[in-house]
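Colleague: Give me a model of this one.
(one chain, ligands or ions: 1)
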Amino acid sequence: MSGPRGRRFTKMHGAGNDFVMLDRRTQSAPLDPAVAVALADRHRGVGCDQVITIEAPRSEGAVAYYGIWNADGSPSRQCGNGARCVAAWLLRDGLSAERFVLDSPAGRVTAQRRGDGGIAIEMGVPDFSPAAIGLDVEDAADPYAWQVAGRDVRFGAVSIGNPHAVIDVDDVAAAPLATLGPALQGEAAFREGCNVGVAQVLAPDRIRLRVFERGAGETLACGSGACAAVAVLARRGRVGDAVAVELPGGTLHIAWTGAGNPIWLAGPTAFVFEGDFIA
Ligand SMILES: N[C@@H](CCC[C@H](N)C(=O)O)C(=O)O
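Modeller: Below is the predicted model of the structure:
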């Protein structure tokens, strides 16, 4: 069923970061924050970290636009794993290109089909400027050293189209992300909040990462968060230009050759089920 009450959806995930995908080109049922919250509800809805819409392209040469709603109904400008799932969805729907452009709220991204069946996305150039991050500070710094909820916190900040704070830790499993995540995210200086990652360097080509996402809480994987962690750590010389990022839900691969260059995110995507949301 699709129409005023029904919404045809596809449930997908990328390394456990899960999505309800809605093709808005063929369905006109209203979509607003309350509907996104209802779809994302893990008890009364379908359940997901983000609702991703697939819409008509907005720029010359792009094949589609995607929109992003967090589970709490807030919008975002970028979602790396969501972009990879949109690309996989379009390929399954009949798109026959190896490389193609998608429009997103943060601008154009390029998708590339990989030999291993995964999808890589060129996520744009990481931007460390406070203005791009939506960070109200006098001067950019690395690290920023703040008092957050009574503790000393040192973090790097970067925009991957959406805002991220990254904390370099010795042991990712022991990091108090459940308290630190919302506390840092809620700091007024982050005008639109931020996604908070804790990253542990295992080797120059391998890190471990957990991310407390804005609007969704801790997720099993965050694609833009993986890009952010590698960008922050690479700028400090802690990792090289190709890094495997181990997240609770799987491993993502990031490639970045440094300042001024776009960052690439690669990893698996999976289709889970399809249905009609009738609530
Ligand atoms: N899971 C995503 C990021 C989704 C948006 C984020 N929570 C935000 O509000 O910016 C990813 O894979 O990048």
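Colleague: can we go C-alpha only for contacts and neighbour counts from here?
Modeller: Noted.
Colleague: just checking, Met12 touches Thr269?
Modeller: Yes: between Met12 and Thr269 there is a contact under Cα atoms under 8 Å: 7.3 Å.
Colleague: Now list whatever residues contact both of these two.
Modeller: When contacts are counted by Cα atoms under 8 Å, 6 or more residues apart in numbering, Met12 and Thr269 are jointly contacted by Cys85.
Colleague: Show me which residues of the protein sit near the ligand.
Modeller: Applying Cα under 6 Å from any ligand atom, we find that the chain lies next to the ligand at 70, 76, 78-82, 162, 213-216, 222-225.
Colleague: which among the residues you listed gets closest to Ile119?
Modeller: Using Cα to Cα, Asn81 comes nearest to Ile119 of these, at 9.4 Å.
Colleague: Please name the residues that touch Arg214.
Modeller: By Cα under 8 Å, 6+ apart, the residues touching Arg214 are 70, 185, 193-196.
Colleague: go with 7 Å
Modeller: Arg214 is in contact with 193-195, counting by Cα atoms under 7 Å, 6 or more residues apart in numbering.
Colleague: In CSV: those, plus distance to Gly124 and pLDDT.
Modeller: As requested, those are exported to CSV (distance: Cα to Cα, whole Å; pLDDT from 0 to 100):
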residue, distance to Gly124, pLDDT
Gly193, 21, 98
Cys194, 18, 98
Asn195, 18, 98
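Colleague: Most neighbours out of these, which is it?
Modeller: Using other Cα atoms under 10 Å as the neighbour criterion, Cys194 leads the contacts of Arg214 with 28 neighbours.
Colleague: Show the backbone phi and psi for it.
Modeller: Torsion angles at Cys194 (phi, psi; degrees, to the nearest 10) stand at phi -160, psi 160.
Colleague: cool, and Leu90?
Modeller: With angles defined as degrees, to the nearest 10, Leu90 sits at phi -70, psi -40.
Colleague: try Ile133
Modeller: Backbone torsions for Ile133, taken as degrees, to the nearest 10, come to phi -80, psi -20.
Colleague: picking that back up, now flag whichever of the contacts of Arg214 is closest to His43.
Modeller: Asn195 (24.5 Å).
Colleague: thought the closest one was touching Val166?
Modeller: No: counting by Cα atoms under 7 Å, Asn195 does not reach Val166; the two are 8.4 Å apart.
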